[in-house]
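Peer 1: Build me a model:
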Amino acid sequence: MNLESMFHMRQAMNAFRANHPKVQPFIDGIQQKGFCEGMEIAIAVRYPDGEVRKNGIRVTASDLELLNTLKGLR
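Peer 2: Reported below is the predicted structural model:
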């Protein structure tokens, strides 16, 4: 990634944080408690037309390595 791309990514992240101030504290709270086997991660998307799509996973022992790797990328 070049410096210009990194600059644009940083600007985009700052704008996202300004537009959605509750997201970062939510993620920080989850990270403080940590990931564990058996926890459920769920997501729901609601479109403007009212359609809702939901999905979730129950974390397995093999998922923990990936989740902890992603946590380290921050």
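Peer 1: Let me know the helix or strand that Ile41 is in.
Peer 2: According to DSSP states H and E, Ile41 maps onto strand 40-46.
Peer 1: what packs against that strand?
Peer 2: Applying 3 or more C-beta pairs under 8 Å, 6 or more residues apart in numbering; DSSP states H and E, we find strand 40-46 packed against strand 52-58. Heads up, the C-betas are built off the backbone N, CA and C, glycines and all.
Peer 1: between the strand it packs on and strand 40-46, how many degrees?
Peer 2: Interaxial angle of strand 52-58 relative to strand 40-46 (axes from the mean of the first three to the mean of the last three C-alpha atoms, to 10 degrees): 170 degrees.
Peer 1: Make residue 1 into 859 and carry on from there
Peer 2: Shifting the count to begin at 859 puts that one at strand 910-916.
Peer 1: So for strand 910-916, mean pLDDT?
Peer 2: Mean per-residue pLDDT for strand 910-916: 97.
Peer 1: All the helices of this protein, residue numbers only.
Peer 2: For the chain, applying DSSP state H gives helices covering 861-877, 881-891, 919-930.
Peer 1: quick one: strands adjacent to the strand holding Ile899?
Peer 2: Looking at strand 898-904 with DSSP bridges, its partner strands are strand 910-916 (antiparallel).
Peer 1: Centre of the chain to the strand it pairs with, how far?
Peer 2: 14 Å (C-alpha atoms, centre = their mean, to the nearest Å).
Peer 1: how far off helix 919-930 does that strand point, in degrees?
Peer 2: Per the same axes, to 10 degrees, the angle that strand 910-916 makes with helix 919-930 is 110 degrees.
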